[in-house]
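> What would the 3D arrangement of this be:
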Amino acid sequence: MSPPSTELTIVPAPVAAWRQMREALSFSSVRVRAETGTRLVRIGHYSRLAGRVLPGDSVDFVVSAGGRKWKLHFYPNGGDKPWRGHRPHQPSVELELMRKSWSGIWKETAAYRVSILGRDGKPAYSCSMAPHSYNVHDWPSDRPVGHLVTAEEKRPAAPLPLMEDDTLVVRCDVTVLRLQRESRIRWFIRQFVKSIRSD
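Here you go, the predicted model:
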């Protein structure tokens, strides 16, 4: 019996080149792209404000980050819902994604940091919140609560550092995190440019 014949398929050069190009373009790597927005807010007559507002009352301001509008809820006397993690008479914060984008995207992943600045311009109290998936349809109970004063310190809102004119300065940094896919060619170009700059 004669051995089975083996057929060799020869791919024309243009076809092979097109196949390699298609594989290069179809391959993609994933990296995280971060866009940060910062807002500095001065809350005037803070001592009077802190003495009037109740736990659960908030001072709200808008932060722009990642092409989106975010609302920071600042509770001078803490929240009134302990089952959500609020602590009465201890300042806390929550972040809210306000509305969907013009392209119809209604959720984002973001991390943020809120700081109370002292007279030297440096953070006296701060809290950093880990990345969280925010949705424009979230209920308030879906938003994580950040505490500017730790439970161990147990300090009320009054001792927070104030400016000479009784103003409280709050800084909020919101970082929007998105996954970005790029082709193999674009990845090699980016690595090549990075190596040139490092040299």
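> Just say helix, strand or coil for residue 50.
helix (DSSP: H, G, I helix; E, B strand; the rest coil).
> Across the sheet, point out what pairs with the closest residue to residue 142 other than its chain neighbours.
In this structure, residue 142 finds its nearest non-sequential neighbour in residue 135, 7.3 Å apart by C-beta to C-beta, 6 or more residues apart in numbering. C-beta here means a position set from N, CA and C on the backbone, and glycine is covered the same way. Residue 135 has these beta-bridge partners by DSSP bridges: residue 107.
> I'd like to know how far residue 90 sits from residue 42.
Residue 90 sits 21 Å away from residue 42, going by C-beta to C-beta, to the nearest Å.
> now swap in residue 82 and tell me
Distance from residue 82 to residue 42, by C-beta to C-beta: 30 Å.
> More neighbours: residue 90 and residue 42, which one.
For residue 90 versus residue 42, neighbours defined as other C-beta atoms under 10 Å are more numerous around residue 90 (22 against 12).
> The more buried one touches residue 160, doesn't it?
No - counting by C-beta atoms under 8 Å, residue 90 stays clear of residue 160, with 10.5 Å between them.
> so what sits against both of these two?
When contacts are counted by C-beta atoms under 8 Å, 6 or more residues apart in numbering, residue 90 and residue 160 are jointly contacted by residue 148.
> Quick check: closest non-adjacent residue to residue 32.
Residue 32's closest residue in space is residue 177 (C-beta to C-beta, 6+ apart), at 5.6 Å.
> That neighbour sits in which helix or strand?
Using DSSP states H and E, residue 177 maps to strand 168-183.
> tell me, how many neighbours does residue 84 end up with?
The local packing of residue 84 (other C-beta under 10 Å) involves 15 other residues.
> how close does it get to residue 55?
Distance of residue 84 to residue 55, given as C-beta to C-beta: 12 Å.
> now do residue 147
13 Å.
> can you pull the contacts of the residue nearest to residue 32?
Applying C-beta under 8 Å, 6+ apart, the residues near residue 177 are 32-34, 109-111, 131.
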